[in-house]
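> only geometry, no sequence info:
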């Protein structure tokens, strides 16, 4: 659960159980945003409450707590309910996309993703 800080940037919680994905996103956001890392949904819920990020990038399939469950808990908490959430996942099933929408997920991006698509999505929540 490492942090990379840059003054004057958005604080983005990146939640994924694949270290390569977190590394890739950290490189994409380097110099632009502060990255807070979590490797499962359980950590994501705790960090969302404690760190109050400006945005969350969340995978769906993870150990301990899946991303959709974590998002539901984040939305149910008055302290974190307004944090924008982008699902960033390899699961592109229509049912998952609909469920994410019902849970109040702001955007759904499937992996592999294009760097510009991710940056454009993040930019929507400035």
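Alright, I've got the coordinates. Nothing here was measured: the structure is a model prediction, and the numbers come from that model.

> residue 110 and residue 60: what is the separation?
Noted for residue 110: a distance of 10 Å to residue 60, by CB to CB, to the nearest Å. Bear in mind the C-beta positions are built from the backbone N, C-alpha and C, glycine included.

> ok, the two, which is more surrounded?
Using other CB atoms under 10 Å, the more surrounded residue of residue 110 and residue 60 is residue 60, with 24 against 15.

> quick one: residues contacting the more buried one.
Shown in contact with residue 60 (CB atoms under 8 Å, 6 or more residues apart in numbering): 66, 67, 68, 87, 89, 91, 96.

> now the last one: which helix or strand?
What it means is residue 96. Per DSSP states H and E: residue 96 is located in helix 94-102.

> before we move on, back to that, which neighbours do residue 110 and residue 60 share?
What both residue 110 and residue 60 touch, as defined by CB under 8 Å, 6+ apart, is the set 89, 91.

> circling back: let's see if you can find the most crowded of the contacts of residue 60.
residue 67 (29 neighbours).

> spit out the contact partners of that residue.
Going by CB under 8 Å, 6+ apart, residue 67 touches 15, 41, 44, 58, 59, 60, 61, 87, 89.

> quick revisit: which is the next helix or strand following the helix holding residue 96?
Counting by DSSP H and E, what follows helix 94-102 is strand 107-110.
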